[in-house]
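[1] please find the sequence and the predicted model below.
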Amino acid sequence: EYWRISSTSLDVRKCRGDTAYTPCAGGAAASCADHHGGPKCEVCTTEGYYFDKADAACKQCPEGAMPVIIGIVGLFSVISAISLLRFLLSTRIHQFKRIGAAARLITRAVVRLGPSKVKLAVTFYQVTSAIPKTFDIDPLPSDFAEV
């Protein structure tokens, strides 16, 4: 089966799924099967489901992992903050001056560029670097790879 972004698009892509099931509905519209959407129908539209590449199907997310992950990250953040504060308080004055000089240099660069440009550049980098992994696009189309 094949997928395209709309019924008028000339860019037609082969869908994943060598088995009997494929997430693409095919046909003239080359649309997606129920509960599938996005590029090549590899995004689950139902809340709490993820796309399993091996089966080319949406599967229910395992429950209970998120609170544990949030707790571990929170605990790690608190321990890191306490360790950093303890380190900073125990360092010598010349080390504070060196850290202050680096902070001033970074601050001047942000002021010259403007904070909105720095935020925009960081966000752009995060989004573009996550596209291939998020949508499992391999190889990345040339119009994205050139950016």
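    Received, thanks.

[2] list the residues that contact the closest residue to residue 58 other than its chain neighbours.
    Leaving aside its chain neighbours, residue 58 sits nearest to residue 44 (3.9 Å; criterion: C-beta to C-beta, 6 or more residues apart in numbering). For glycine as for every other residue, the C-beta is placed from the backbone atoms N, C-alpha and C. The contact partners of residue 44, taken as C-beta atoms under 8 Å, 6 or more residues apart in numbering, are 35, 36, 37, 50, 51, 58.

[3] redo that, cut-off 6 Å
    Residue 44 sits next to 50, 51, 58 when contact means C-beta atoms under 6 Å, 6 or more residues apart in numbering.

[4] that one and residue 68, how far apart?
    23 Å (C-beta to C-beta, to the nearest Å).

[5] endpoint to endpoint, stretch 23-35 covers what distance?
    Start-to-end span of stretch 23-35 (C-alpha to C-alpha, to the nearest Å) is 9 Å.

[6] report the mean per-residue pLDDT for it.
    The average pLDDT within stretch 23-35 is 74.

[7] ok now the host helix or strand of residue 111, how far from the chain's centre?
    For residue 111, the enclosing helix or strand under DSSP states H and E is helix 93-113. Once both centres are worked out by C-alpha atoms, centre = their mean, to the nearest Å, helix 93-113 turns out to sit 30 Å from its chain's centre.

[8] let's number from 30 now, not from 1
    Sure, I'll start counting at 30 from here, so that last one is helix 122-142.

[9] so what does that helix touch, helix or strand wise?
    For helix 122-142, there is no helix or strand it packs on, judged by 3 or more C-beta pairs under 6 Å, 6 or more residues apart in numbering; DSSP states H and E.

[10] CA atoms only for it, dumped as CSV, please.
    As requested, the backbone C-alpha atoms of helix 122-142 are provided in CSV (Å, rounded to 0.1, in the frame of the first residue of the first chain):
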residue,chain,number,x,y,z
ILE,A,122,37.5,33.2,44.9
HIS,A,123,39.5,33.1,41.7
GLN,A,124,37.3,30.3,40.5
PHE,A,125,34.2,32.4,41.1
LYS,A,126,35.8,35.2,39.1
ARG,A,127,36.4,32.8,36.2
ILE,A,128,32.8,31.5,36.3
GLY,A,129,31.6,35.1,36.5
ALA,A,130,33.7,36.1,33.4
ALA,A,131,32.2,33.2,31.4
ALA,A,132,28.7,34.1,32.5
ARG,A,133,29.3,37.8,31.5
LEU,A,134,30.6,36.6,28.1
ILE,A,135,27.5,34.5,27.5
THR,A,136,25.2,37.2,28.8
ARG,A,137,26.8,39.8,26.4
ALA,A,138,26.3,37.4,23.4
VAL,A,139,22.6,36.8,24.3
VAL,A,140,22.1,40.6,24.7
ARG,A,141,23.7,41.3,21.3
LEU,A,142,21.7,38.7,19.5
